[in-house]
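[1] Just the structure for this:
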Amino acid sequence: MTLRQAQDSALRLAQGRPYRLVNKLASYHSQIALVGCGGTGGFVAEGLCRLLANEPVSLVLIDHDRVEERNLVRQNFHHEDLGRFKAEALAERLARKYRRPVGYHVGPLTSGRESPWY
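    So this is what the prediction gives:
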């Protein structure tokens, strides 16, 4: 099922009734790769874990940066995360908190054939 088909199906279900979220795409085994776990990405990752609770969706966090003191003020990290890779620290904490597997990759992403994601 394509995204457009899922949206059309959700609209048909919602017509004549109060709006409700119908997430048919989550009923398939989907994969989400979130690139960047800093100021926005860290909070998006937590929101995805909440939104997709009990859904067969794989989540992989990608960030090669490390947690620094200056990150603690505005990013989704704690003092005990200092010096750790952002993707690793966040993935482990979210996996424990939401009791779901959360993968991570700490290598840099590059363009072209040298990329591990090519």
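[2] does Gly36 really touch Ile62, like I thought?
    Yes: using CB atoms under 8 Å, Gly36 is in contact with Ile62, at 7.4 Å. Every C-beta, even on glycine, is put in place using the N, C-alpha and C of the backbone.
[3] So between these two, which is more surrounded?
    Higher neighbour count among Gly36 and Ile62: Ile62, with 21 against 17, using other CB atoms under 10 Å.
[4] Need the pLDDT of the more buried one.
    Note on Ile62: pLDDT of 96.
[5] Return the set of residues that bridge with it.
    Val35, His105 (DSSP bridges).
[6] Can you tell me the SS state at Ala89?
    Three-state call for Ala89 (DSSP: H, G, I helix; E, B strand; the rest coil): helix.
[7] That one: neighbour count?
    So Ala89, with other CB under 10 Å, has 24 neighbours.
[8] any idea how far Leu90 lies from Gly107?
    16 Å (CB to CB, to the nearest Å).
[9] between those two, who's got more neighbours?
    Leu90 (27 against 13).
[10] For the spatially closest residue to the more buried one that is not a sequence neighbour, list the residues it contacts.
    What sits nearest to Leu90 in space, not counting adjacent residues and going by CB to CB, 6 or more residues apart in numbering, is Cys37, at 5.0 Å. Residues near Cys37 by CB atoms under 8 Å, 6 or more residues apart in numbering: Ala45, Leu61, Ile62, Asp63, Asp65, Asn76, Lys86, Ala87, Leu90.
[11] Just give me the neighbour total for the fifth one.
    The criterion is other CB under 10 Å. On that basis, Asp65 has 14 neighbouring residues.
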